[in-house]
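Chemist: mind folding the following:
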Amino acid sequence: MRRPLLVLVALSALSACNREGDPTIPETLLGTCTYVNRFSDAQECREYRGVEWGEEAARADCSDWGGSLEMPGACEYPSILGACVLTEGAEQVIRVVVPGEDPSKCRSSERGCELFGGGIFVPSPLCGGADDYINEDESVFQPPVLECRDPIEGEPPGQSEGGKVCTWSMISGSTEEGRHFNDYASCERVLTQRPYAAVPPPAPPVDPDPRMDDPTYVAELEWVKTQVEASACVCCHQTSITPEGASVWDIDAPGNWVNTFSPYGLAFAGGFLDSSLLGAYPPEENNGFDRDHTGIPTTDPDRLIAFFAAELAFRGFTPDDWADADPTPAPFYQQSIYVPGACEEGEGVAADGSVSWSGGGARYVYVLEAGSENPMVPPNLDRPAGTLWKLDVAPESSPLRSGELRYGEVPEGSAQALPLEGAPPALVDGRDYYLYVSADVMIPITRCTFTYRG
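Modeler: This is a model prediction of the structure:
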């Protein structure tokens, strides 16, 4: 089993939150693995729990993280923030112990586990009140904004009013074709919208690549690079502009840069894996770039699909190898199909309009018709049909507390996203509704249905 605690790029976020039920951790312990997490640059310790663990599988998993399996023994530290529980089966569980004594790191540890890793975070007593800590330096999802800038020196006028170049500062955004995203939008904002870490690419399938002597191939490779350069992909996948280096694949790589993709990455880029859950703008709002059919936004989906199909063939794969795969990222897919249960006592909207939930501070509060789809990510999946009311807290403001909010009211530091104008519809006595509350984008803390009694 090879399952990183943090999954990159397109890979963010199952919140199988422990607030909705503690995970079962088997007593049987095979061994442990201590290492430095290559994404967070912090020490962690993995415990391999359950009778289905074998030494060979545990050694392989531990080796993936650069550690050595120790048998027997448990992870022991004088102080821990908590543990991230990754469950493959009832008797095959990894318990990742996160050492530390700084409570301001509790929420980021939980976020790393549940949003980026698809695990369940079980806080230690130190983090029992973690939601009361507001770390001003901690990254909060920055919503996209449409940035309109003058063209840089030497480039032609833009296609927007006054010759401006207008670009959405969003991970799914693209600037005008032939321009570079980083010249016209904020990568700093984008980096709050997906996990980022510098991760070296896999070894190239061939080096040097003989195809680089083929002018036709090189021209097509260059066109694909221009598609990437116009998109927010560069914020994580172009070494020269990233904070600490590219994350796996890198358009600045020497030789044939596309050889920094894994086969999975090629399938993702070419659209042979369904990545629509990551969100997309319609081409007419995204400078002609389409992300409905491919993982990388493009002005010519058929051409990009053909390119990546050929790259898979060069590696000995075909698009059909991913034909039966679930939509990706897997954590997003699991959130999309989540079926909410009944609210616990006290949760929901009370007769006086007060909104109550469990799990701590909230940045997004939804009241939806029962049976509505789960809210996902912007720009096109965060307002599902059936949303009666959506309240967003500004990134610079403190989260809302349960019981302090009333249905239809807009506290200072927040904004009503839906309805666009006016008050939300009155709730009907005896009707069921869906309460969805999240600590940040894709970090749900309460998802449940309640019967309104007003």
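Chemist: for the rest of this, base every contact and every neighbour count on C-alpha atoms.
Modeler: Noted.
Chemist: how near is Ala253 to Thr446?
Modeler: Ala253 is 43 Å from Thr446, where distance means C-alpha to C-alpha, to the nearest Å.
Chemist: neighbour count for these two, which is higher?
Modeler: Thr446 (26 against 16; other C-alpha atoms under 10 Å).
Chemist: what is the burial count for the closest residue to that one other than its chain neighbours?
Modeler: Counting by C-alpha to C-alpha, 6 or more residues apart in numbering, Val437 is the residue found nearest to Thr446 once chain neighbours are left out, at 5.1 Å. Neighbour count for Val437, taken as other C-alpha under 10 Å: 30.
Chemist: for Val437, report the pLDDT, please.
Modeler: The model reports Val437 with a pLDDT of 97.
Chemist: what about it, distance to Glu188?
Modeler: Distance, Val437 to Glu188, using C-alpha to C-alpha: 26 Å.
Chemist: next: Gly128.
Modeler: Computed as C-alpha to C-alpha, the Gly128 to Glu188 distance reads 31 Å.
Chemist: again with Leu30
Modeler: From Leu30 to Glu188 the distance is 43 Å (C-alpha to C-alpha).
Chemist: beta partners for Glu44?
Modeler: Tyr35 (DSSP bridges).
Chemist: residue contacts, it?
Modeler: 34-37, 96-99 (C-alpha atoms under 8 Å, 6 or more residues apart in numbering).
Chemist: and stretch 46-57, end to end?
Modeler: OK, stretch 46-57 end separation, C-alpha to C-alpha: 13 Å.
Chemist: and that stretch, which residues are buried?
Modeler: 46-50, 52-53 (16 or more other C-alpha atoms under 10 Å).
Chemist: picking up where we left off before, which helix or which strand is home to the residue nearest to Thr446?
Modeler: Here Val437, judged by DSSP states H and E, is contained in strand 432-438.
Chemist: next one: Val85
Modeler: Secondary structure assigned from DSSP H and E places Val85 in strand 80-89.
Chemist: can you name the residues that contact the residue nearest to Thr446?
Modeler: The contact partners of Val437, by C-alpha under 8 Å, 6+ apart, come to 357, 362-366, 444-447.
Chemist: 10 Å instead, please
Modeler: Counting by C-alpha atoms under 10 Å, 6 or more residues apart in numbering, Val437 makes contact with 356-367, 375, 390-391, 402, 443-448.
Chemist: again, but for Glu311
Modeler: 258-259, 261, 263, 266-267, 270, 305, 317-318.
Chemist: about what we covered before: and the residue nearest to Thr446, bridged to which residues?
Modeler: Listed beta-bridge partners, Val437: Val365, Thr446 (assigned using DSSP bridges).
Chemist: tell me how far it lies from Gly386.
Modeler: Taking C-alpha to C-alpha, one finds Val437 at 15 Å from Gly386.
Chemist: got the phi and psi for Tyr333?
Modeler: Dihedral pair for Tyr333: phi -60, psi -40, per degrees, to the nearest 10.
Chemist: which residue, neighbours along the chain excluded, lies closest to it?
Modeler: Setting aside the residues directly before and after it, Tyr333 is nearest to Pro327 in space (C-alpha to C-alpha, 6+ apart), at 6.0 Å.
Chemist: what count of nearby residues applies to the one you found?
Modeler: The tally of other residues near Pro327 (other C-alpha under 10 Å) stands at 18.
Chemist: give the contact list for it.
Modeler: So Pro327 contacts 272-278, 333-334, 336 (C-alpha under 10 Å, 6+ apart).
Chemist: any idea how far it is from Ile443?
Modeler: Separation of Pro327 from Ile443 (C-alpha to C-alpha): 19 Å.
Chemist: now the helices for the protein?
Modeler: Using DSSP state H, the helices of the chain run over residues 55-64, 106-111, 181-184, 187-190, 215-229, 234-237, 263-269, 301-315, 330-336.
Chemist: of all those helices, which lies closest to Thr294?
Modeler: Shortest separation from Thr294 across these is recorded for helix 263-269, at 5.9 Å, computed as C-alpha to C-alpha.
Chemist: redo the contacts of Glu311 as JSON lines? Include neighbour count, distance to Gly158 and pLDDT.
Modeler: Below are these laid out as JSON lines (neighbours: other C-alpha atoms under 10 Å; distance: C-alpha to C-alpha, whole Å; pLDDT from 0 to 100):
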{"residue": "Val258", "neighbour count": "21", "distance to Gly158": "30", "pLDDT": "98"}
{"residue": "Asn259", "neighbour count": "24", "distance to Gly158": "33", "pLDDT": "98"}
{"residue": "Phe261", "neighbour count": "21", "distance to Gly158": "32", "pLDDT": "97"}
{"residue": "Pro263", "neighbour count": "18", "distance to Gly158": "36", "pLDDT": "95"}
{"residue": "Leu266", "neighbour count": "26", "distance to Gly158": "32", "pLDDT": "98"}
{"residue": "Ala267", "neighbour count": "26", "distance to Gly158": "33", "pLDDT": "97"}
{"residue": "Gly270", "neighbour count": "28", "distance to Gly158": "29", "pLDDT": "98"}
{"residue": "Ile305", "neighbour count": "23", "distance to Gly158": "28", "pLDDT": "99"}
{"residue": "Phe317", "neighbour count": "16", "distance to Gly158": "40", "pLDDT": "98"}
{"residue": "Thr318", "neighbour count": "18", "distance to Gly158": "39", "pLDDT": "98"}
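Chemist: pick the one among these closest to Ser169.
Modeler: Gly270 (22.8 Å).
Chemist: mind listing the strands for the stretch 51-200 of the chain?
Modeler: Taking DSSP state E, counting those that start in this stretch, the strands of the stretch 51-200 of the chain run over residues 69-70, 80-89, 92-99, 120-123, 146-149, 165-168.
Chemist: again, but for the stretch 251-400 of the chain
Modeler: Along the stretch 251-400 of the chain, counting by DSSP E, counting those that start in this stretch, strands occupy 341-342, 348-349, 354-356, 364-369, 387-393.
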